[in-house]
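Peer 1: Coordinates for the following, if possible.
(one chain, ligands or ions: 2)
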Amino acid sequence: MSGLSVSGRVKDDIKGMKIVADENLSLVRELFGSMGELVCLPGRSMRPEDVREADILLVRSVTRVNATLLASSRVRFVGSATIGTDHLDTAWLDGQGIAWTSAPGCNAMSVVEYVIAALFELWARGDVDWDRQVMGIVGLGNVGARLAVVLQRLGVRVLGCDPFVDLEGVEQVDIDTLLDRADVVSLHTPLTHAGPHPTFHLLDRSRLARFAGKVLINSGRGPVVDNAALLALIVSGCFDPGKVVLDVWEKEPDLDRALLAKIRIGTPHIAGYSQEGKWRGSLMVAEALSNFLGTAPPEAPALTGRALSEVKIVESGQGWSGLASLVKAFYPISRDDADLRRELLERDMLPGAFDALRKGYWPRREFSSGRVRLVGVEDPWLKERMLALNFRLEA
Ligand SMILES: NC(=O)c1ccc[n+]([C@@H]2O[C@H](COP(=O)([O-])OP(=O)(O)OC[C@H]3O[C@@H](n4cnc5c(N)ncnc54)[C@H](O)[C@@H]3O)[C@@H](O)[C@H]2O)c1
Ligand SMILES: O=C(O)[C@H](O)[C@H](O)COP(=O)(O)O
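Peer 2: Ligands and ions are numbered 1, 2, ... in the order given. As a prediction, the model looks like this:
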């Protein structure tokens with residue numbers, strides 16, 4: 001968060017404060033309802049007149065927070081319950097003395113589980129070989145570093161690429177070496193347009209052309225991959241669409257339907273949409289806002305009460321198949337893919353379908369929420385990998 005203290009006017013007037021929030025913010029009424037007058041609106045279409053009288057603005061990634069939205073408002077604090085911050089013009093906010101915060105790491109485990117679920121789907125069709133593959137992770141921050149740990153504990157060889165981070169225990173190489181050596185490339189960078197290592201179209205036509213036989217997973221930000229170049233390479237037979245997994249797209253929510261129609265797995269930007277990820281994001285913003293206002297932090301609603309009740313049973317001796325069925329039981333990623341195809345390809349691209357899927361997303365829980373029992377003979381191999389994936393093992 002930018003290091004600002006509470007402005008005098010807001011502090012004197014906390015009770016009469018107006019909070020405008022994205023209606024999709026998890027726990028929005030429970031956490032922010034008593035902090036002032038709360039108005040919830042669709043985030044994608046927020047206009048300057050919606051926030052003119054607001055003191056506090058709470059968003060997710062679909063609201064562009066910049067001079068156009070805020071110049072005529074009295075907003076003093078912006079909170080985004082997301083990891084990514086490319087929708088915030090932070091330089092402008094800082095210049096205006098408007099405090100802002102995001103929620104680093106809030107849904108990182110959810111994204112890791114998305115990648116794991118995608119890899120198991122590809123494995124089921126023979127497009128991933130857990131025992132031989134080299135996994136390339138681009139961006140070793142909250143998501144990438146967690147993914148590296150999980151994969152290494154599964155016994156997978158990991159290569160990383162991050163010019164700003166030195167992550168112990170992971171062999172790091174530059175992006176081109178990673179493209180040469182990895183069998184799977186998973187993107188976990190922010191979207192940046194400036195600086196020494198901008199990520200906009202990091203995978204441009206020439207880098208995509210070197211993918212032959214590799215798996216591409218993008219659950220970072222859409223424009224890190226040149227989507228038009230990717231489609232052109234697929235159409236010309238130079239890129240195997242059966243090995244492409246996209247959760248994020250250029251020009252969301254109006255993604256390229258021709259690209260979706262071709263690729264193996266396509267989802268509507270929900271990699272981070274576990275219940276825990278959304279809850280944590282909102283809680284982190286609520287804590288930052290209380291801090292800003294100098295009020296007591298909000299009481300966190302009991303999340304544990306909503307955990308899965310059933311115990312999943314896994315037979316020993318099944319190797320990767322045992323893990324695949326367990327992962328699928330918790331996160332059937334093919335369901336998200338089917339929903340997006342149905343809405344965007346089979347039905348007639350209803351306006352707002354992409355956002356409607358996101359808004360009505362099912363209550364996915366993280367692997368650590370559920371209980372698992374391993375039955376049969378001792379199977380340390382499977383047990384170790386179930387623990388690596390964060391499942392809670394019962395005796
Ligand atoms: N699909 C989803 O639902 C979803 C959910 C959460 C986050 N995200 C996206 O994933 C991104 C990564 O999340 P995170 O929590 O790991 O963020 P983070 O900020 O913790 O880590 C990002 C890492 O990328 C590195 N990086 C920056 N430029 C790079 C470059 N050119 N090459 C290689 N690495 C580079 C940074 O040094 C940093 O270590 C977020 O910025 C967000 O845009 C998507
Ligand atoms: O950056 C993030 O945290 C994610 O991309 C986020 O989960 C996206 O969801 P949205 O904010 O668009 O609801």
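Peer 1: okay, which residue is most central for the chain?
Peer 2: Central residue of the chain (C-alpha atoms, centre = their mean): G272, 3.3 Å from the mean position.
Peer 1: which residue packs closest to it, ignoring adjacent ones?
Peer 2: N107 (3.3 Å; C-beta to C-beta, 6 or more residues apart in numbering). All C-beta atoms are positioned from the backbone trio N, CA, C, and that covers glycine.
Peer 1: I'd say the residue nearest to the centre of the chain and V111 touch.
Peer 2: Yes - taking C-beta atoms under 8 Å as the definition, G272 is a contact partner of V111 at 5.2 Å.
Peer 1: hmm, back to that, and the residue nearest to the centre of the chain, how far from ligand 2?
Peer 2: Distance of G272 to ligand 2, given as C-beta to the nearest ligand atom, to the nearest Å: 3 Å.
Peer 1: Q275 is in contact with R364, correct?
Peer 2: Yes - with contact defined as C-beta under 8 Å, R364 reaches Q275; the gap is 6.5 Å.
Peer 1: between these two, who's got more neighbours?
Peer 2: Just comparing R364 and Q275: by other C-beta atoms under 10 Å the higher neighbour count belongs to R364, 23 against 20.
Peer 1: in the stretch 101-250 of the chain, which spans are helices?
Peer 2: Applying DSSP state H, counting those that start in this stretch to the stretch 101-250 of the chain gives helices spanning 108-124, 142-153, 175-181, 205-208, 227-235.
Peer 1: residues in contact with the residue in the stretch 1-150 of the chain that ligand 1 sits nearest to?
Peer 2: In the stretch 1-150 of the chain, the residue that lies nearest ligand 1 is G141 (1.7 Å; C-beta to the nearest ligand atom). For G141, the contact set (C-beta atoms under 8 Å, 6 or more residues apart in numbering) comprises 162, 165, 188-190.
Peer 1: before we move on, back to that, among the helices of the stretch 101-250 of the chain, which is the most enclosed?
Peer 2: helix 108-124 (a mean of 24; mean count of other C-beta atoms under 10 Å).
Peer 1: Which neighbours do G272 and V111 have in common?
Peer 2: Jointly contacting G272 and V111 under the rule C-beta under 8 Å, 6+ apart are S219.
Peer 1: follow-up on the earlier one: check the contacts of G141 against W279 and report the nearest one.
Peer 2: Of all those, W279 sits closest to H188, with 21.4 Å by C-beta to C-beta.
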